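Trainee: just to be clear, the model below is a prediction. Sequence and coordinates:
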Amino acid sequence: MNTTENIRAQFPILNKQINNNALVYFDNAATVQKPKQVIEAIENYYYNSNANIHRGVHTLSRVATELFEQSRKTIASFFNVKNSQQIIFTSGTTDGLNTLVQSLSKSVLQKNSEIILSTYEHHSNILPWQLWAQHNNGKLKIIPLKENHSLDLEKLEQLITPNTKIISIAHVSNTLGLITNIEKVKEIAKKYNLIIVLDGAQSAPHMKIDLENLDVDFFVCSAHKMYGPTGIGILYMSEKWLQELPVSKVGGGTIKTVSFEKTEYEQGALRFEPGTPNISGAIGFAEAIKFTNIVGITSIYKHELDLVNYAQKQLNELPEVIQYGVSKEKAGVISFNVKNQHPFDVGSLLDKYGIAVRTGHHCTQPLMKVLNTQGTIRASFAIYNTKQELNYFIEKLKKVITMLK
Amino acid sequence: MNTTENIRAQFPILNKQINNNALVYFDNAATVQKPKQVIEAIENYYYNSNANIHRGVHTLSRVATELFEQSRKTIASFFNVKNSQQIIFTSGTTDGLNTLVQSLSKSVLQKNSEIILSTYEHHSNILPWQLWAQHNNGKLKIIPLKENHSLDLEKLEQLITPNTKIISIAHVSNTLGLITNIEKVKEIAKKYNLIIVLDGAQSAPHMKIDLENLDVDFFVCSAHKMYGPTGIGILYMSEKWLQELPVSKVGGGTIKTVSFEKTEYEQGALRFEPGTPNISGAIGFAEAIKFTNIVGITSIYKHELDLVNYAQKQLNELPEVIQYGVSKEKAGVISFNVKNQHPFDVGSLLDKYGIAVRTGHHCTQPLMKVLNTQGTIRASFAIYNTKQELNYFIEKLKKVITMLK
Amino acid sequence: MNIEEIEKEIIEEFELFGDNWEEKYEHIIDMGKNLPKIADENKTDKNIITGCQSRVWLNTELKNGKMIFTADSDAIITKGMVAIIVRVFNNQTPQDISNAQLNFINVIGLKEHLSPTRANGLLSMIRRMKQDAKNLMNGSNNNN
Amino acid sequence: MNIEEIEKEIIEEFELFGDNWEEKYEHIIDMGKNLPKIADENKTDKNIITGCQSRVWLNTELKNGKMIFTADSDAIITKGMVAIIVRVFNNQTPQDISNAQLNFINVIGLKEHLSPTRANGLLSMIRRMKQDAKNLMNGSNNNN
Ligand SMILES: Cc1ncc(COP(=O)(O)O)c(C=O)c1O
Ligand SMILES: Cc1ncc(COP(=O)(O)O)c(C=O)c1O
């Protein structure tokens, strides 16, 4: 039975006391807690099967390779990707985006090319493009926000010029929790033959994502936001790109033959995975996917949306609170401020009550500028959070507001 | 007491049966087994302190940040690096080398620049340079081997031209276990003002390395070869480079301010660590260093050298065996072949006796070409290996030779 | 004999060794040594199947509606495995080969040599043989 | 009063609150509100100390051999902490400031605000105050 109680029992850290209060962990968009199955899968790997993978002639190496490749398949099937080779292990979303930008800069990107991003991108989906642009006279074009802080996709088409090559966009805003209308983005991208890169760091933990049907060129996410360990993520690419994308990160394991003069690279995912991968990380990631499958990703979405709507409603009743990106359809995140108070003060005092929220710019400084604030207070939810926790949070938030007045 | 018995007790995997025989794990150069303290440190982190680091206003985030930064300090002091900011976390040696080559390609490397490598480099220290060279008309110059398979450093100076910028070299050969004479390399490098990149993947696990005194520009290694977890390693850089090296991998966490037009980057290690790092990996790595410190890195070296010399002597008595890179001073690795037999056959049969060796090109195909073989059989040792295991190995190797005849 | 009968014969042969893997492997090595050599002119790049560690050469011909395989490998255990598979498939019709299940491999306990992650070319060899059979059935001459 | 005496006074003040952190923080917030404002012309980039989340402005002057600090912060808890430290250091000699240990911070239980990993600028502020003091002692006018 997937009651919240049963689920919480799988996360021992939730029983911790913080500053003499029960931990209320609302910082899930930064990183989520891990169920004990995931931690045990990592342990198990090291106690029973640790070896370097691929090419190994001995038993442990074969076992480790099988566990690793099976993990790839588990993840592929979670995203409904038939050819698991399209799932390339990275060390996280940021790593995936950097590698991708570098590979694209050796193929489709030329001097003067233009990339379209959105106002609410995470720095990890801005800086790699910006760095490329600075060295190549490239340009970043930005999709603006509407009044309600959602993306103004009506303006997208105007940004496109003959030099536009790529739209790289967050599937879900990490600061606001708003969901990007990908169907709309795709419609326009197809019309102009643009490549779509989808930053799924904040969507993959919360929503059913069917990459076969979504039909974007690239998709990235991080395990540590999906009940998995740190140091592992994936870069998905379409079949076409799996064949065509030039490598940008190379080393042991990616090759068929090497001489100092010339190198013939492998096919498939191996081509993009130089060096010893994060084997225990991949195994932990797959175990996290199994956890998610058992709970059901649509149940997760529903549970978190209930919390979001409840929280938005409660906050709406506090006159001192300004909310950002309010919407009935969000992925587990709310963002707000207390009028005339610094988010850091609010966050510090909530922490005293055991409540973990994130405050600051959330690595979205350009968005902060548009929202005209230095930072916000962000509460982000996971499957184990409860309405009781939210009630406690609202109660203490009121207290904090009084203290700061 | 650091008896081998006590040490072995800390590695539960060593009690495993493989094909109905006790596991004899001689594939330590590929990846070494982990003591239970390391596995427990990772567990502990996830059960008690998991949170995203830096900028966090809440308690768990502060605790996680402290654990992470303390790990950096533990590793820095192991290598006698006073400013721990010079230790940059990577996902491994290969990742470190790729990032480094890309950063150097934005500063010292120009069109037509030349890089000096050695014949026994691992693919991870060839391919990133080769990829750069292909796009920039650069050149790789190769230090040849002497008769005894050690590097012919007498020939190094001849390779230098006015275009030479960098010597990137393995500290220890992963295939042969031979130790590069870095003092000699440095002498020449200083004379011509060349940058030294030291690939320490195979030296860091076995030898005392004092980076403050070694005084190279860059040093890379992987935790998983040093009793630590997969998915984490370090890139050390000298103070000068910490200030001057341009970033090549960017994203959340590396910046002071970001706008779509311009970005001001952080100082110190943060500048080179975009995105959520492998937090549990860093903590596990530090725990592995603590294990190494308790045993003592010089004891490790001595123990492994004893095994190497014993093995070389035993193999020398088998007329069917050809050894490569025989030397009295090696770091834990021996490499050989059985005349007229494919290494794969020998390795497969040894595996049947529970003995894990690696066979093949060991990601050093150019070296294989010079040794005039498709591959070798490599046995590599760690602190937990014993003479009894070696005796068993030699006994079974003889059996295998008979079977294959 | 048809494929199933040969499989049965091989299983019976291997049953004699019981749990003694050493004798089993000696038998495989022997079979490898006795594998009729592929003609030198057929040891071409077109006929090579690269595994990660050992290479296999395989040549296919059709004679009187039956498929004739000759093969070689640089590793003797691989060659022995190749010999077993050639023994099963040789002189069979393309139809039978393309339908064959090859159950005997699990039974004689050599699964590790045919696990998908042990890229030693054997799996690709079987796949190639079946592909060649299919191509012949479809009247194609392409045996790549 | 010298630095140690002021520290003692602060410790005694905070002892009154016992384990009640809420009162403790209310006191800090009050102190923040009562911190004499830094003159607007001194709220310059030169005088800014950037933490990760909140900013601190600090101005240093020397009057009759004593150091005079004025400061501000955009976060009120930070400002309260700043107020405490200014209270301790204000009107003291450069010599005393540069030698001060500031033990009171651990004692009053606000350590988390001064942990090296909580980059809120407070630590850098103390470092800056001591550096300014040292520079003055060495006759340098550079207070960066
Ligand atoms: C000398 C050398 N360099 C680089 C590497 C690559 O290390 P990793 O696979 O951990 O990235 C290895 C590992 O095999 C090595 O032995
Ligand atoms: C939308 C978005 N993109 C990218 C990232 C970066 O992910 P990671 O830190 O795991 O590399 C994050 C994480 O905060 C994110 O929320």
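Mentor: That came in fine, so what should we check first? Ligands and ions are numbered 1, 2, ... in the order given.
Trainee: C-alpha from now on. contacts and neighbour counts both.
Mentor: Will do.
Trainee: now stretch A:329-341, how far from the chain's geometric center?
Mentor: 19 Å (Cα atoms, centre = their mean, to the nearest Å).
Trainee: what does chain C put close to chain B?
Mentor: Counting by Cα under 8 Å from any Cα of the partner chain, the residues of chain C lying close to chain B are C:26, C:29, C:53-54, C:74-78.
Trainee: now the helices: where do they sit in the chain?
Mentor: All of this refers to chain A. In chain A, the helices defined using DSSP state H lie at A:4-9, A:36-48, A:59-78, A:93-104, A:127-136, A:156-159, A:182-192, A:211-214, A:239-244, A:279-295, A:297-316, A:343-352, A:365-371, A:387-404.
Trainee: um, chain C though
Mentor: In chain C, the helices defined using DSSP H lie at C:3-15, C:21-34, C:76-89, C:94-99, C:104-107, C:122-137.
Trainee: just give the nearest non-adjacent residue to whatever residue of chain A ends up closest to chain D, would you?
Mentor: Using Cα to the nearest Cα, the single residue of chain A nearest to chain D is residue A:342, 5.2 Å away. Nearest non-adjacent residue to residue A:342, counting by Cα to Cα, 6 or more residues apart in numbering or on different chains: residue D:75, 5.2 Å away.
Trainee: that neighbour: what's it in contact with?
Mentor: A:341-345, D:54-55 (Cα atoms under 8 Å, 6 or more residues apart in numbering or on different chains).
Trainee: surely residue A:378 touches residue A:336?
Mentor: Yes. Residue A:378 sits in contact with residue A:336 when judged by Cα atoms under 8 Å, with a separation of 6.5 Å.
Trainee: looking at these two, which has the bigger crowd around it?
Mentor: The neighbour comparison of residue A:378 against residue A:336 (other Cα atoms under 10 Å in any protein chain shown) goes to residue A:378, with 31 against 22.
Trainee: who in the stretch 251-400 of chain A is up against chain B?
Mentor: A:251-253, A:257-261, A:274-281, A:344, A:347-348, A:351, A:355-360, A:363, A:365-366.
Trainee: and those, which are buried?
Mentor: Buried members of those, scored by 16 or more other Cα atoms under 10 Å in any protein chain shown, are A:251-253, A:258-260, A:274-281, A:344, A:347-348, A:351, A:355-360, A:363, A:365-366.
Trainee: give me the pLDDT value at residue C:143.
Mentor: Looking at residue C:143, its pLDDT stands at 42.
Trainee: kindly report the same for residue A:264.
Mentor: Per-residue confidence at residue A:264 stands at 85 (pLDDT).
Trainee: before we move on, what about residue A:183?
Mentor: According to the prediction, residue A:183 has pLDDT 97.
Trainee: what number of residues lie near it?
Mentor: Neighbourhood size, residue A:183 [other Cα under 10 Å]: 11.
Trainee: ditto for the one 3 residues further on
Mentor: As a burial measure, residue A:186 scores 19 neighbours (other Cα under 10 Å).
Trainee: then residue A:190?
Mentor: The local packing of residue A:190 (other Cα under 10 Å) involves 11 other residues.
Trainee: check contacts around residue A:249.
Mentor: Per Cα under 8 Å, 6+ apart, neighbours of residue A:249: A:99, A:272-274, B:95, B:98, B:128.
Trainee: for chain B, what's the nearest residue on chain C?
Mentor: For chain C and chain B, the shortest gap (Cα to the nearest Cα) falls at residue C:75, measuring 5.2 Å.
Trainee: what ranges of the chain fall below the confidence cut-off?
Mentor: In the absence of a named chain, this looks at chain A. Residues of chain A meeting the criterion pLDDT under 70: A:1.
Trainee: I was after chain C.
Mentor: Judged by pLDDT under 70, chain C has its weakly predicted residues at C:51-52, C:111-121, C:140-144.
Trainee: could you redo the last one with a cut-off of 80?
Mentor: Counting by pLDDT under 80, chain C has low-confidence residues at C:50-53, C:105-124, C:139-144.
Trainee: and it, which residues reach chain D?
Mentor: Nowhere does chain C come near chain D, counting by Cα under 8 Å from any Cα.
Trainee: tell me the centre residue of chain C?
Mentor: A centroid search over chain C (Cα atoms, centre = their mean) returns residue C:85, at 2.8 Å, as the residue closest to the centre.
Trainee: dump the residue contacts of that one.
Mentor: Counting by Cα under 8 Å, 6+ apart, the residues that residue C:85 touches are residue C:126.
Trainee: apply 10 Å and report the result again.
Mentor: Contacts for residue C:85 (Cα atoms under 10 Å, 6 or more residues apart in numbering or on different chains) come out as C:7, C:69, C:79, C:102, C:105, C:122, C:125-126, C:129.
Trainee: with residue C:48 instead?
Mentor: Per Cα under 10 Å, 6+ apart, neighbours of residue C:48: C:42, C:55-59, C:71-73, C:121, C:125.
Trainee: of those residues, just say which sits nearest to residue A:405.
Mentor: Minimum distance to residue A:405 across the contacts of residue C:48 is 73.6 Å, recorded for residue C:121 (Cα to Cα).
Trainee: chain neighbours aside, what residue packs nearest to residue 103?
Mentor: I'll assume chain A. Closest to residue A:103 by Cα to Cα, 6+ apart is residue A:248, at 5.1 Å.
Trainee: my question was about chain C, not that one.
Mentor: Of all residues not flanking residue C:103 in the chain, residue C:7 sits nearest, at 7.8 Å (Cα to Cα, 6+ apart).
Trainee: residue C:13 versus that neighbour, what's the distance?
Mentor: Between residue C:7 and residue C:13 the distance, using Cα to Cα, to the nearest Å, works out to 10 Å.
Trainee: one more: residue A:325?
Mentor: Computed as Cα to Cα, the residue A:325 to residue C:13 distance reads 73 Å.
Trainee: between those two, which one's more packed in?
Mentor: Using other Cα under 10 Å, the more surrounded residue of residue A:325 and residue C:13 is residue A:325, with 21 against 14.
Trainee: name the nearest residue to the more buried one, sequence neighbours excluded.
Mentor: residue A:149 (5.0 Å).
Trainee: show the contacting residues for that neighbour.
Mentor: Residues near residue A:149 by Cα under 10 Å, 6+ apart: A:119-120, A:176, A:178, A:324-327, A:367, A:370-371.
Trainee: highest neighbour count among those residues?
Mentor: When the contacts of residue A:149 are compared by neighbour count (other Cα under 10 Å), residue A:120 ends up highest, at 30 neighbours.
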